[in-house]
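Enquirer: A structural model of the following input is requested.
(one chain, ligands or ions: 1)
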Amino acid sequence: MKSRPTRWLGAVAAATLFTLAANGQDPLTRKELDKRLDVSLFEATKVGTDLYNRGRNEEGCYREYDGTLRIIVPLLDHRPELQSRVANALKQAAAEPSPQRSFTLRGAIDDVRQTLNPRAAMPSPAPTPPRVPSPAPVPPKVPAPAPAPAAATKALWERLGGETAVKAVVHETVAAAAKNPKVNLTRNGKYKLDDKGTANLERLLVELVSSATGGPLKYSGRDMKTVHAGMKITEAEFNAMAADLNDVLKKHKVGQQEIEDLMKVIESTKKDIVEK
Ligand code: HEM
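Expert: Numbering: from 1, shown residues only. Model prediction:
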């Protein structure tokens, strides 16, 4: 569902741009226009970061970035490659879950700023893109260094290593969880996870990760609430499974940023899986 309340922020950015472009006596040179685009994008990152970090409003941040980038795209026709990278990032983000979509668009904004103005006088407002605090009101984490723009615009699925890597991680995580009494995967033997059942579960998990991280595989299973209803999964059991996944990702030397991004996706399913 799309909420509209923050659309006006994008409109403000548009108005700023068009006013800037229309005000001058002389037509703007390309260089001047690029400089002004950079200023507008800088302003958008300030608003987005603030919404995300202080307002805890990921939706608002995403809409701000989305609106701003949609206005910028037609003004990048002198840089067709950059223009197509931004258009792809917009498409990719629209299919991504929260908060990954905001990261993707922030990566695209940084990409535009970096490309148009590599020695930008005005650095981005925060040391990082809105690499957000966790949803719970915990003390803010030390922000991770901003990833290189190229890496940030790649789908999380690619950054995790694609299908082969995700399959291996899922396989090992399910094996670890099946052995872990703190997870109690079979719910005291109620679910028979034989070879066929396990293979099916792994296939669905790979699909789920793919669909949530910009991969090509569509999820064909049931929704998380329906599947886990009645299993009485506790938060501690959920966390134990997440910890197993975390260990496997580390063992596979997956990057810290990618681990954090994937853990956020997993975390977002908690409310549907854990039963009070
Ligand atoms: C302690 C935590 C968890 C336990 C004990 C648990 C247990 C189970 C069990 C027993 C099944 C098989 C159900 C059946 O055969 O009908 C299942 C299915 C599934 N689980 Fe979990 N689960 C847990 C956490 C998670 C998490 C964190 C995810 C993903 C984010 C997940 C995703 C799935 C999927 C995709 C299926 C298959 C869906 C389908 O059959 O359509 N589970 N889970």
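Enquirer: Show me which residues of this structure are close to the ligand?
Expert: Within reach of the ligand by CB under 6 Å from any ligand atom, the chain has these residues: 183-185, 187, 191, 201, 204-205, 208, 221-222, 227-228, 231, 233, 237-238, 241, 266, 269, 273. Yep, even glycine has a C-beta here, placed from its N, CA and C like the rest.
Enquirer: Can you select the buried ones among these for me in ChimeraX?
Expert: Selection of buried members from the residues of the chain next to the ligand for ChimeraX, criterion 16 or more other CB atoms under 10 Å:
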select :183,184,185,201,204,205,208,228,231,233,237,238,241,266,269,273
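Enquirer: Pick out the residue in this protein sitting closest to the ligand.
Expert: Closest to the ligand within the chain is Gly221: 2.9 Å, counting by CB to the nearest ligand atom.
Enquirer: got a list of what that residue touches?
Expert: Residues near Gly221 by CB atoms under 8 Å, 6 or more residues apart in numbering: Leu204, Glu207, Leu208, Val227.
Enquirer: Farthest-apart pair in these, please.
Expert: Glu207 and Val227 (13.1 Å; CB to CB).
Enquirer: Within the helices and strands, which one has the nearest residue to Ser211 once chain neighbours are set aside?
Expert: Residue nearest to Ser211 in three dimensions, not counting chain neighbours: Tyr219, with 4.2 Å by CB to CB, 6 or more residues apart in numbering. Using DSSP states H and E, Tyr219 maps to neither a helix nor a strand.
Enquirer: Quick check: Tyr219 touching Glu207?
Expert: Yes: using CB atoms under 8 Å, Tyr219 makes contact with Glu207 at a distance of 4.5 Å.
Enquirer: Show me where this structure has its helices.
Expert: 7-23, 30-49, 58-72, 80-94, 100-116, 149-153, 156-159, 162-179, 195-213, 224-228, 235-251, 256-267, 270-273 (DSSP state H).
Enquirer: Are there helices or strands packed against the third one, and which ones?
Expert: Read that as helix 58-72. helix 7-23, helix 30-49, helix 80-94, helix 100-116 (3 or more CB pairs under 8 Å, 6 or more residues apart in numbering; DSSP states H and E).
Enquirer: same check, this time on the last one
Expert: Using 3+ CB pairs under 8 Å, 6+ apart as the contact criterion, the secondary-structure elements in contact with helix 270-273 are helix 224-228, helix 235-251.
Enquirer: For Val47, see how far away Val206 is.
Expert: Val206 sits 37 Å away from Val47, taking CB to CB, to the nearest Å as the criterion.
Enquirer: Please read the previous query as pertaining to Ala229.
Expert: Taking CB to CB as the measure, Ala229 falls 40 Å from Val47.
Enquirer: The two - which one has more neighbours?
Expert: Just comparing Ala229 and Val47: by other CB atoms under 10 Å the higher neighbour count belongs to Val47, 21 against 14.
Enquirer: From the structure, what's the count of residues near the residue nearest to that one when sequence neighbours are not counted?
Expert: Nearest residue to Val47, sequence neighbours excluded (CB to CB, 6+ apart): Glu64, at 5.3 Å. Neighbour count for Glu64, taken as other CB under 10 Å: 31.
Enquirer: how near is Glu64 to Tyr52?
Expert: On the measure of CB to CB, Glu64 and Tyr52 end up 9 Å apart.
Enquirer: same thing with Gly255?
Expert: 21 Å.
Enquirer: neighbour-wise, which of these two wins?
Expert: Tyr52 (27 against 14).
Enquirer: thought the more buried one was touching Arg63?
Expert: No: using CB under 8 Å, Tyr52 is not in contact with Arg63, being 11.3 Å away.
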